[in-house]
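Q: predicted structure and sequence below. I'll ask about it afterward.
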Amino acid sequence: LFAYGTLTIDAVMHALLDRVPPSEVATAPGWRAAGLPDLPYPGLVVDPTSNAWGRLYQDLTERECEILDAFENPKYDIAQVTLSSGAKALAYVWPADPPALTTTWTVGCIDAEGMEDYLAMCAEFRQDWEE
């Protein structure tokens, strides 16, 4: 899985999966992590002038993939992206018109209070998912 937004944050992955799976830094040329209006997380959009930074997670279990699929916004599509290394990976892609999403999202877009709230939401999601 190529993750480019909040799923690149160890604390988020731990809250959702109870572990941080092995990963390596990766980039996806031709893609951009776009800020989404009024949301604390980005969407991956096609942008020929960009190179999205992220993490390539390996060894995700089927159960972990189910958790992440349920967690992600239902508007996301799952698509295959080609990374700078030439490897192919699945990613959650935002199906929006890229010109409408002009900002680039980085982890710095979430302040400390926002991160605390986001982690609480992740923990609540995981608890609800388990029930």
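A: All right, it came through fine.

Q: residues contacting the residue nearest to residue 85 when sequence neighbours are not counted?
A: Among residues not flanking residue 85 along the chain, residue 26 sits closest, at 6.9 Å (CB to CB, 6 or more residues apart in numbering). For every residue, glycine as well, the C-beta is placed using N, CA and C. With contacts defined as CB atoms under 8 Å, 6 or more residues apart in numbering, the neighbours of residue 26 are 2, 53-56, 83-85, 87, 89.

Q: tell me how far the closest residue to residue 94 other than its chain neighbours lies from residue 33.
A: Of all residues not flanking residue 94 in the chain, residue 43 sits nearest, at 2.4 Å (CB to CB, 6+ apart). Using CB to CB, to the nearest Å, one gets 8 Å for the distance from residue 43 to residue 33.

Q: likewise for residue 26?
A: Counting by CB to CB - residue 26 and residue 33 are separated by 13 Å.

Q: which neighbours do residue 43 and residue 33 have in common?
A: residue 5.

Q: for those two, indicate the residue with more neighbours.
A: Higher neighbour count among residue 43 and residue 33: residue 33, with 28 against 24, using other CB atoms under 10 Å.
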